[in-house]
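K.L.:
this one's sequence-less:
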C-alpha cells in the first residue's frame, strides 16, 4: 500500500495537497504523521525525513522501493498510476491550464504564504485585518487568486475549478484554509467556492483531523503564544 508521510495537519500546507488528493480520489494509502519540532539536525522530525528523502521535508510518498518527494511530483505520479481517477482534467487545454496554475501555486504567492501561514485551528481575523492593511503584496496575491478562480469557475461552470474535482482543487485547498483563518476579504463567488472545497469529504476529513490534533507547535505560531 502507498505510504504518505506528512507533517501536522493543522500547519502543513504542503502535506495537505497530496493528503486531500488521495482521500478525495478514494486511493487506498497509509498515512504517517511526523510531528513538527524544532527542525534542527538530529531532531526526531529531521531524523525521520532525512532517512526518507534527500530534502528531509514533508510530504513524501513511498510506493514500495520508490520514494517520491515534493507535492507536485507526488500529484503527477498519482495521476499516472491511477488514470481511472482522472485527477487532471480530461480535455487537453484544460489539463495544461490546470498544470499551469498548480505550478504557479507551487512557486508563487510568497507574500500570502509568508504572512498567512496555514493554521486551520486558529481564528486570526484581527491579524488578517492588519496584514490586509499593511501588506500590499498579500493583497496582490489574493487579487490574482480571485481572478484565477473566478475565470475558471465561469469557464467550466463549477462547482470546482475545472468542473469536477481535480489536482488543482487539492492544490489550492490550503489557500482556502488561509483565507478562512485570516478572514481575508474575497468576492461572494470565491467565498462560495471555498465553502464547496471545505465540504469535500477529503478536505473535511483533513480539517477534522487538524482540529483534533490539539498540538501547539511554537515554531508554526507567529501570531499566538502557547495557551
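P.N.:
Done, it's in. Predicted model, so just to flag it, every value in this text is computed and none were measured.
K.L.:
what's around residue 202, how many residues?
P.N.:
Residue 202: 21 surrounding residues under other Cβ atoms under 10 Å. Backbone N, C-alpha and C define where each C-beta goes, glycine included.
K.L.:
any idea which element it lies in?
P.N.:
helix 201-213 (DSSP states H and E).
K.L.:
need the contact partners of that helix.
P.N.:
Contacting residues not belonging to helix 201-213 are listed as 8-10, 16, 19-25, 120-121, 170, 173, 176-177, 197-198 [Cβ atoms under 8 Å, 6 or more residues apart in numbering].
K.L.:
give me the buried subset of these.
P.N.:
Buried by 16 or more other Cβ atoms under 10 Å: 8-10, 16, 19-25, 120-121, 170, 173, 176-177, 197, out of these.
K.L.:
next SSE after the lowest-mean-pLDDT helix or strand in the chain?
P.N.:
The helix or strand of the chain with the poorest confidence is helix 44-50; it has a mean of 95 (mean pLDDT, DSSP states H and E). Later in the chain than helix 44-50, the nearest helix or strand by DSSP H and E is strand 60-63.
K.L.:
that older thread, let me know the average pLDDT across the helix holding residue 202.
P.N.:
Averaging pLDDT along helix 201-213 yields 98.
K.L.:
name the nearest residue to residue 7, sequence neighbours excluded.
P.N.:
Spatial nearest neighbour of residue 7, chain neighbours left out: residue 58 (4.4 Å); criterion: Cβ to Cβ, 6 or more residues apart in numbering.
K.L.:
next: residue 135.
P.N.:
Nearest one to residue 135, counting by Cβ to Cβ, 6+ apart, is residue 115 at 5.5 Å.
K.L.:
likewise for residue 81?
P.N.:
Residue 81 sits nearest to residue 63 (Cβ to Cβ, 6+ apart), 7.7 Å away.
K.L.:
distance-wise, check the one you found relative to residue 109.
P.N.:
Distance from residue 63 to residue 109, counting by Cβ to Cβ, to the nearest Å: 29 Å.
K.L.:
more neighbours: those two, which one.
P.N.:
Ranked by neighbour count (other Cβ under 10 Å), residue 63 and residue 109 place residue 109 first, with 21 against 16.
K.L.:
residue 136 - how many residues pack around it?
P.N.:
10.
K.L.:
please apply the same query to the one 4 residues further on.
P.N.:
Number of residues near residue 140 (other Cβ under 10 Å) recorded here: 13.
K.L.:
which residues are in contact with the least confident helix or strand of the chain?
P.N.:
In contact with helix 44-50 (Cβ under 8 Å, 6+ apart) are residues 5, 7, 34-40, 56-58, 60.
K.L.:
strands along the protein, start to end?
P.N.:
For the chain, the strands defined by DSSP state E occupy 2-6, 29-33, 60-63, 66-69.
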